[in-house]
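[1] fold the stuff below for me.
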Amino acid sequence: MLSKGVANGAPFIDWITLSEHRPEGGLPLVLRGVTSYHDAAGNCRFERVSPASHGGSYATSVAVGCDGARLYLSGNAGRFSRRDNVFNHDWHGTLGCVEGIVVSLGLPPFRFARDVPNGGTQSGARVHRLDVTRNFAAGSDSQARAVIRWLAGRSVARVKRGRQGDESVWWANTHRMFKAYLKGAELVAHGADPKSRVVQWCQDNGVVRVEVEMKRRLLSRLELERLDDITQERLEEAYEDETAILREVDRSDEPDILDVIPARSRAYAAAWLAGVDVTTIASRATLFRHAKACRAVGINILEPRNVVQFPTRVRIVELTPCVMPDWYSLEVDREDAA
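    Next up is the predicted model:
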């Protein structure tokens with residue numbers, strides 16, 4: 001069921017990976033195969049069950065596995081058998097989609113610890129990955145591309161960055177992945193009709209999808225591993241923290257920005273503002289020292305700065321959460337009825 005918050009632009013779930021171990025066993029087998037690992041004497045030391053790929057309409061699928069005691073699901077459960085995922089379900093709705101999938105395969109629903117007989121704090125299902133997503137409207141396709149270019153100039157400590165033109169940018173490490181991309185372009189890249197209503201809506205509104213993939217280490221640190229501990233409210237709080245980069249202020253265009261930079265770092269900031277590659281005029285250690293002072297006032301001299309000579313014009317792009325259109329539906333579609 002779709003919550004009012006998601007309909008009004010709140011974050012939603014775009015991927016979930018979870019598992020549950022049931023010591024009592026007796027569950028139906030659902031698997032693609034089993035990989036056995038043997039020692040030099042031929043004794044089996046370890047077996048790994050490969051989950052089955054469960055397919056739905058519109059080339060959607062999720063991975064579901066069960067070896068009789070361990071239940072596993074991974075994929076975009078809310079997207080299953082739907083035409084697209086421009087919008088998706090909130091936490092409660094996603095759990096409903098997960099339950100519908102596993103029950104259709106003859107498996108029991110994942111359990112909360114409180115629902116496990118004689119269960120302790122480690123009982124019940126555990127979440128290993130969760131992608132929390134939100135759509136933002138930049139107002140037009142050109143302004144959405146400007147947002148991607150602006151983000152590509154940002155940096156995140158201890159996180160590697162990647163970029164694909166002015167359509168997508170991402171940062172990733174072992175804890176998380178932050179992704180921002182043009183949703184309309186992504187739909188077309190995956191086979192959607194460029195003239196379809198949903199693609200045109202994304203392009204006309206300049207929809208930028210901002211997604212946070214929360215990996216196991218981050219979920220553990222935030223105490224969001226157990227099914228019992230997760231709520232929509234806690235996920236929204238985590239999403240706001242992880243997307244703080246969207247609220248950073250770029251002060252590089254302010255005419256008096258140099259006046260508030262410490263004197264020792266001012267020359268490096270001025271060179272960077274003029275488009276000079278500062279890595280050619282100072283050592284790495286020196287640059288990092290002055291970069292710290294410059295970041296305190298909102299500019300990053302370690303990132304390349306593209307300078308084009310033209311009359312000064314300041315563009316302000318305001319990102320607003322997208323409200324789901326009245327014509328958009330989260331109901332499962334039947335492909336043969338399309």
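
[2] could you give the mean pLDDT of the strand or helix carrying Arg289?
    Using DSSP states H and E, Arg289 maps to helix 284-295. Confidence over helix 284-295 (mean pLDDT, whole number) is 83.

[3] helices or strands up against the biggest strand by length in the chain?
    If you go by DSSP state E, the chain has its longest strand at strand 126-137. If you count contacts as 3 or more Cβ pairs under 8 Å, 6 or more residues apart in numbering; DSSP states H and E, strand 126-137 packs onto strand 12-21, strand 207-214, helix 216-221, helix 232-242, strand 320-321. Any C-beta I mention is one placed from the backbone N, CA and C, and that applies to glycine too.

[4] out of the ones you listed, flag the one nearest Ser142.
    Nearest to Ser142 among those is strand 207-214; the distance by Cβ to Cβ comes to 12.2 Å.

[5] circling back to that earlier point, list the buried residues in the helix holding Arg289.
    Buried positions in helix 284-295, judged by neighbour count with 16 or more other Cβ atoms under 10 Å: Leu287, His290, Ala291, Ala293, Cys294.

[6] again with stretch 109-127
    Neighbour-count burial for stretch 109-127 [16+ other Cβ under 10 Å]: Pro109, Phe110, Arg111, Phe112, Ala113, Ser123, Gly124, Ala125, Arg126, Val127.

[7] who are the packing partners of the helix holding Arg289?
    Going by 3+ Cβ pairs under 8 Å, 6+ apart, helix 284-295 lies up against helix 263-273.

[8] before we move on, back to that, the longest strand of the chain vs helix 232-242, what angle?
    70 degrees (axes from the mean of the first three to the mean of the last three Cα atoms, to 10 degrees).

[9] shaky segments in the stretch 51-200 of the chain?
    118-122, 155-158 (pLDDT under 70).

[10] can you map out the helices along it?
    91-104, 141-152, 183-189, 197-205 (DSSP state H, counting those that start in this stretch).

[11] and of those, who's closest to Ser283?
    Judging these by Cβ to Cβ, what sits closest to Ser283 is helix 141-152, at 25.7 Å.

[12] quick one: contacts of the closest one?
    138, 161, 163, 166-169, 180-182, 184, 203-204, 206-208, 245-246, 250, 315, 317, 319 (Cβ atoms under 8 Å, 6 or more residues apart in numbering).

[13] just to revisit the earlier point, tell me which of the buried residues of stretch 109-127 fall in strands.
    Using DSSP E, the buried residues of stretch 109-127 in strands are Arg126, Val127.

[14] so can I have a markdown table of the buried residues of stretch 109-127 showing distance to Gly68?
    Output for the buried residues of stretch 109-127, formatted as a markdown table (distance: Cβ to Cβ, whole Å):
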| residue | distance to Gly68 |
| --- | --- |
| Pro109 | 17 |
| Phe110 | 16 |
| Arg111 | 16 |
| Phe112 | 21 |
| Ala113 | 21 |
| Ser123 | 18 |
| Gly124 | 18 |
| Ala125 | 17 |
| Arg126 | 18 |
| Val127 | 22 |
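
[15] okay, the longest strand of the chain in CSV with CA atoms only?
    The C-alpha atoms that make up strand 126-137 are tabulated as CSV, following Å, rounded to 0.1, in the frame of the first residue of the first chain:
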residue,chain,number,x,y,z
ARG,A,126,18.1,-9.2,8.7
VAL,A,127,18.6,-6.7,5.9
HIS,A,128,21.9,-6.6,4.0
ARG,A,129,21.3,-3.9,1.5
LEU,A,130,18.7,-1.1,1.1
ASP,A,131,18.5,1.5,-1.7
VAL,A,132,16.5,4.6,-0.5
THR,A,133,15.6,6.9,-3.4
ARG,A,134,13.9,10.2,-4.1
ASN,A,135,13.0,12.1,-7.3
PHE,A,136,13.7,15.8,-7.5
ALA,A,137,12.4,18.3,-10.1
